[in-house]
Structure formats: C-alpha cells, structure tokens
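Student: One predicted model, sequence on top.
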Amino acid sequence: MTVRVHFYSYFKELTGCPSTEETVVEGATIDQLLGQLYGRFPKLTAMRNSTLIAVGVDYQGRSYVLKTGDEVSLFPPVQGG
Amino acid sequence: MTVRVHFYSYFKELTGCPSTEETVVEGATIDQLLGQLYGRFPKLTAMRNSTLIAVGVDYQGRSYVLKTGDEVSLFPPVQGG
Amino acid sequence: MTTELILTTDPIDEAALIARRRASAGMGAAISFSGIVRGKEGADAISAIDYEAFRPMVEHQFKLLFAEAGQRWPVVESIRLVHRVGVVKVGEPSLWVEVVTPHRSEAFAACQWLIDEMKRIVPIWKKPLL
Amino acid sequence: MTTELILTTDPIDEAALIARRRASAGMGAAISFSGIVRGKEGADAISAIDYEAFRPMVEHQFKLLFAEAGQRWPVVESIRLVHRVGVVKVGEPSLWVEVVTPHRSEAFAACQWLIDEMKRIVPIWKKPLL
C-alpha cells in the first residue's frame, strides 16, 4: 500500500521535495516507514531524534500502524511565536 | 510642635475629617502621635493593626521621630487596580 | 528604560496607547494588562467604583516600583501604566499596564510583579458604588 | 468560553483587535501578549522572518489547546489568538494572544501556558531573512 509523506520547514531542503509517496507493506508502522525514508533520504537521519510525526492533523508515535490513504507529515521542532 | 495628619479612604469617615493638626512634644515618634490620635478618634483604634503610615510620600514605621512641618498620612490597606 | 505613568479621570483609550507603543529592534515581547471593573463586589451588584488616590505619593511610589523593576529585570525597555481616578463604570478598565522586553518570560514576570507591588504599596483605594 | 483563531498574512492590527474585545460584567482581567520579530537571530542581524505553517494541523492543534485551557482554567471567558504566516518584518508582531478572565492570576497563567504549549506542538516554523 502507498502513503503520502509531507515534509515541512528545512526537512524539504533535506529531502529536496515537499512530499513523496512511499510504498509500505500492509500493517507497516511509522517506524518501518521511517526506515525506508532514511534509505531514500539519508540527510533525514541526522534529525532522527528530533523528528515530529503527524498523521493527518494529529501527532502519532512510531508504533502507529499505517492505513491506506494516511497522510504522514514529518517536521523538525516547531517554532511558532 | 505641630504636625498635620491626613486621613485617606474610610479613615476620613472614622475620624470625620480629611485632616487635622496635632500638637506633639519635641522628639515624639509616630507611635506617640498615634496614641494621641486614638484618644481623639477612638474609631481609628479598630484599624490599629492595619494602618499604613506615611510621612510626606514615603512609608515610615512607628519609631519614626517627627519633625516640625512633617505631613503625616494614615490610611487603610491600599486597593489599586 | 523609559517609564510613563498616567493618573487620569478620563477613560483609558487602550487602542491609542497601543498605537503609541515604541519598541527597539531588540524587543520581542510586549504585554499589556487591563484591569476591568467587575459587576460585583463580594455578593453585591455594583455599577461603578470610585477610586481615590493620594496623588503625590502614588506618583512617588510608582517611581520607586519602576526603578526596582528595572533593577530586577534590567532587560525591560519600557513600562507604561495608566490608572483611573474617580468613578469608573463596570466594564471599563481602571488599570492598564504595558511592559516591553526582549523575551516574554521577563515581560510576564515584571508585569505581574508590578501589579502585585502596586496592590501592596501604592495609595489608591476603591469605593464601590451601587 | 469563546475562542478565535486567525492565521493571516496581513499585519496584526492590535488596536482593532482591542476595540473588538468583549467581556461580560464578571470579567476583571484582560491580558494581551504581542510577540514581536527581533532584529537578531542568534548573532546575525535579520530583516524579517518567514513563517511557514501547516495550516490544517495548526488550526486543529490550537483547537485542542484552547479546549485544554478551558479545562485547566474554567473561568476563562475568551481566548483570541492571531499568528502571522509568511514574511513578517523586524518590529512587527508575529503573534497576538488575548485572554479574558475574572481575575488576573488566571489570565497570566493561561496566557503563558498557551504560548508555551504553542511553541511545543503547533506546527509553525521560522526562516530568518537577512
């Protein structure tokens, strides 16, 4: 199955794109998705410990099980204000 | 010697006047002045433990030694805001 | 640090005060607090509060407080404070305080400290009107 | 509790926001905080900050924060928050928050909590412009 992944802030520079599609196996977790993305976008790995993850408009942890149609967003620490 | 004493807020109601003159001995302290005033204005005694005292525009304690021309102000706890 | 104190019988024009705000390029935070007359004093409904001020002492005590605020938070660039005297109707602000600082934590701290100290030592009193 | 969130590319008109403030007769405190773009980011002089927002998530996360603020401080009557997106020049506010409560302690506490939480979870990012 395929999920769309969006990048925000300087994650776009690290990946070179604002979003991408990634094919994962049924029942894959965000952790597995991240593993695949780190293979495609090695510069993202430097941010491994400070990457925030959302599915839709809610934060999710790495054990979240992906569903078809999920829109995943990855971004660095937020800086509003 | 004579000092002028001003009353603020409901202290004016308790004394019936906004200010008064009081004759005190040379070297008298505010404590002695208060003793005399409590004689003249017995209703003030009820506020004995919550009376604020200023000489001019500065707070003073009861041991302050009065000088000729001092303007003393007595008032209840303040309530700005 | 610049400071401004206004004691006035006129309504506080918050929009005009905001429009006059000055902040240098290093300032990142401006807090303004409005203290508004509530419709009740204890259990009683009131229509207004009559504020009495011992003006020269109010001015002097605020000057001392502003100076102490500047020592406690040397980064404060500006403090402005307006307090109504006389009759202030329910729903109108009786107090407006603004503090401008580089970062928000000092603005919040200094503004709260200033109001707390004002309520402790600045000779202003309230008389509720029914 | 009423809440209002505005994400806008336009300058924040604080005076107009103040003029639109509504507070019932039980409210005694209104705090407004303005976060202003500073002229330096670290050691570098900058001219502006470009704010990027993941808008639908920003709106959702603020909704969650407003609801939690209402649970933590049930006396809060109104929260209004405006955040700029896009380029904000040095000296202009990028954030404006107002909290209206019966007494000042809750206004200060809720306003600070809201800004702290915003900086923790609301997906907005800054890019300094030289």
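Tutor: Nice, thanks for sending it over. All of these numbers come straight from a predicted model, not from anything done at the bench.
Student: so what's residue 73 up against?
Tutor: By default, I'm working from chain A. A:Val5, A:His6, A:Phe7, A:Tyr8, A:Ile53, A:Ala54, A:Val55, D:Phe54, D:Met57, D:Pro123 (C-beta atoms under 8 Å, 6 or more residues apart in numbering or on different chains). All C-beta atoms are positioned from the backbone trio N, CA, C, and that covers glycine.
Student: My question was about chain C, not that one.
Tutor: C:Thr101, C:Glu106, C:Ala109, C:Ala110.
Student: Could you report the neighbour count for A:Leu14?
Tutor: Using other C-beta atoms under 10 Å in any protein chain shown, A:Leu14 has 18 other residues around it.
Student: quick one: it and A:Phe41 touch, right?
Tutor: Yes - with contact defined as C-beta atoms under 8 Å, A:Leu14 reaches A:Phe41; the gap is 6.5 Å.
Student: Would you write a ChimeraX line that selects the buried entries of the contacts of A:Ser73?
Tutor: Buried subset of the contacts of A:Ser73, written as a ChimeraX selection, criterion 16 or more other C-beta atoms under 10 Å in any protein chain shown:
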select /A:5,6,7,8,53,54,55 /D:54,57,123
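Student: What's the first helix or strand after the helix or strand of chain C with the lowest mean pLDDT?
Tutor: Lowest by mean pLDDT, DSSP states H and E among the helices and strands of chain C is strand C:40-41, with a mean of 89. As assigned by DSSP states H and E, the chain's next helix or strand after strand C:40-41 is strand C:44-45.
Student: Rounded mean pLDDT for that following strand, please.
Tutor: The average pLDDT within strand C:44-45 is 93.
Student: Counting by contacts, list what it packs against.
Tutor: The helices and strands touching strand C:44-45, judged by 3 or more C-beta pairs under 8 Å, 6 or more residues apart in numbering or on different chains; DSSP states H and E, number zero.
Student: Tell me how far C:Val58 lies from chain D.
Tutor: 20 Å (C-beta to the nearest C-beta, to the nearest Å).
Student: give the contact list for that residue.
Tutor: Here C:Val58 is in contact with C:Leu7, C:His83, C:Val122, C:Pro123, C:Ile124 (criterion: C-beta under 8 Å, 6+ apart).
Student: give me that answer again for 7 Å
Tutor: C:Leu7, C:Val122, C:Pro123, C:Ile124 (C-beta atoms under 7 Å, 6 or more residues apart in numbering or on different chains).
Student: Output those of the residues you listed also counted as contacts of chain B.
Tutor: Checking those against chain B by C-beta under 7 Å from any C-beta of the partner chain, the ones in range are C:Val122, C:Pro123, C:Ile124.
Student: Strands - which of these land there?
Tutor: Secondary structure defined by DSSP state E assigns C:Ile124 of the ones next to chain B among the contacts of C:Val58 to strands.
Student: mind putting the ones next to chain B among the contacts of C:Val58 in CSV, pLDDT included?
Tutor: Output for these, formatted as CSV (pLDDT from 0 to 100):
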residue, pLDDT
C:Val122, 98
C:Pro123, 98
C:Ile124, 98
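Student: you'd agree C:Cys111 is up against C:Ser32?
Tutor: No - with contacts counted by C-beta atoms under 7 Å, C:Cys111 stays clear of C:Ser32, the gap being 8.3 Å.
Student: Which one's more surrounded, the two?
Tutor: C:Cys111 (27 against 24).
Student: give the contact list for the nearest residue to the more buried one once chain neighbours are set aside.
Tutor: Leaving aside its sequence neighbours, C:Cys111 sits nearest to C:Val99 (C-beta to C-beta, 6 or more residues apart in numbering or on different chains; 4.5 Å). The contact partners of C:Val99, by C-beta under 7 Å, 6+ apart, come to C:Ile31, C:Val76, C:Ile79, C:Ala107, C:Ala110, C:Cys111.
Student: ok, now which ones touch the residue nearest in space to the middle of chain C?
Tutor: Chain C has C:Val97 as the residue nearest its centroid, 3.5 Å off, counting by C-alpha atoms, centre = their mean. Shown in contact with C:Val97 (C-beta under 7 Å, 6+ apart): C:Ser32, C:Phe33, C:Leu81, C:Cys111, C:Leu114, C:Ile115.
Student: roughly how far apart are the residue lying closest to A:Gly27 once chain neighbours are set aside and chain C?
Tutor: Sequence neighbours aside, A:Val65 is the residue nearest to A:Gly27 in space, at 6.0 Å (criterion: C-beta to C-beta, 6+ apart). Distance of A:Val65 to chain C, computed by C-beta to the nearest C-beta: 40 Å.
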